[in-house]
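>>> Following is a predicted model, sequence given first.
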Amino acid sequence: DSGVTQTPKHLITATGQRVTLRCSPRSGDLSVYWYQQSLDQGLQFLIQYYNGEERAKGNILERFSAQQFPDLHSELNLSSLELGDSALYFCASSGSTGTGNTIYFGEGSWLTVV
Amino acid sequence: GQQLNQSPQSMFIQEGEDVSMNCTSSSIFNTWLWYKQDPGEGPVLLIALYKAGELTSNGRLTAQFGITRKDSFLNISASIPSDVGIYFCAGQLWNAGNMLTFGGGTRLMVKP
């Protein structure tokens, strides 16, 4: 158990809909990262938050957004969903943006868009 | 962006054999990490490497951080059926928020 909790574990929704994925980082971790894993793209970095503020942005679509709340949990919002958005979405956390902090992953949220 | 080339893409070996996989990058990283992912699970950290040239072991696993900071390898000795899974290398840059760049993964299959 990595200590990173993600909900829901599985989600099936229709094209055009909007979903919210939730993440609770490990206790004390200030950084939260979101990754997308699809069969043809591997693990792709989406976005990072540190202590409530956006810190780094990767290959995140404009239809997607995220935020980190004062209690450090994070949400990834996916809107106007398309079939190609079907993937595993991972949240990960680490202690700080200091050097060499280990990143721990949650078990992921399976999103299927039909 | 940075690209990590991981090879081989897949391996099918006999139980008891040793396994070797590696990653190369077009640019340097501060940290190299190796993760294992089981089906339906998140990546689990196996080994983290922080210094160029560093050789680190974790049980039957051994990994090295290349001296150029652009490559790393992972060896698994005396493989067992529970080694089955996908192994990912990842590079980490400290001045980029510590985000990880992943290789494409090596799918390991072990025949009992």
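Structure's in. What do you need?
>>> CA only for contacts and neighbour counts going forward, please
Noted.
>>> surely B:T62 meets B:T56?
Yes: between B:T62 and B:T56 a contact is recorded at 5.7 Å, counting by Cα atoms under 8 Å.
>>> contacting residues around residue 83?
All of this is about chain A. If a contact means Cα atoms under 8 Å, 6 or more residues apart in numbering or on different chains, then A:L83 has A:T15, A:T112, A:V113, A:V114 as its contacts.
>>> nope, chain B
Here B:D83 is in contact with B:L108, B:M109, B:V110 (Cα under 8 Å, 6+ apart).
>>> If we use 10 Å, what do you get?
B:E15, B:K36, B:D38, B:I76, B:L108, B:M109, B:V110 (Cα atoms under 10 Å, 6 or more residues apart in numbering or on different chains).
>>> ok, now B:I13?
Contacts of B:I13 (Cα under 10 Å, 6+ apart): B:V19, B:S79, B:I80, B:P81, B:V84, B:L108, B:M109, B:V110, B:K111, B:P112.
>>> buried subset of the residues you listed?
Applying 16 or more other Cα atoms under 10 Å in any protein chain shown to the contacts of B:I13, the neighbour count classes B:V19, B:S79, B:I80, B:V84, B:L108, B:M109, B:V110 as buried.
>>> closest to A:E62 among these?
For those, the closest approach to A:E62 (Cα to Cα) belongs to B:L108, at 35.6 Å.
>>> any idea how far the residue in chain B that chain A sits nearest to lies from A:N51?
Taking Cα to the nearest Cα, chain A has its nearest neighbour within chain B at B:G42, 4.2 Å off. Distance of B:G42 to A:N51, given as Cα to Cα, to the nearest Å: 23 Å.
>>> Give me the sheet partners of the helix or strand of chain B with the lowest mean pLDDT and which way each runs.
Least confident element among the helices and strands of chain B, by mean pLDDT, DSSP states H and E: strand B:100-102 (a mean of 89). If you go by DSSP bridges, strand B:100-102 pairs up with strand B:85-92 (antiparallel).
>>> pretty sure A:L43 is touching B:G105, no?
Yes: using Cα atoms under 10 Å, A:L43 is in contact with B:G105, at 9.1 Å.
>>> Overlap in contacts, these two.
Counting by Cα under 10 Å, 6+ apart, the residues touching both A:L43 and B:G105 are B:F88, B:A90.
>>> So for the two, which sits in the more crowded spot?
With neighbours defined as other Cα atoms under 10 Å in any protein chain shown, A:L43 and B:G105 compare such that B:G105 has more, 27 against 23.
>>> Neighbours of the nearest residue to that one once chain neighbours are set aside, how many?
Among residues not flanking B:G105 along the chain, B:F88 sits closest, at 4.5 Å (Cα to Cα, 6 or more residues apart in numbering or on different chains). Here the number of neighbours of B:F88 (other Cα under 10 Å) works out to 28.
>>> Could I get the contacting residues of B:F88?
So B:F88 contacts A:42-43, B:6-7, B:21-23, B:33-37, B:43-46, B:74, B:102-107 (Cα under 10 Å, 6+ apart).
>>> Let's see that with 6 Å instead.
Residues counted as contacts of B:F88 (Cα atoms under 6 Å, 6 or more residues apart in numbering or on different chains) are B:W34, B:Y35, B:G103, B:G105.
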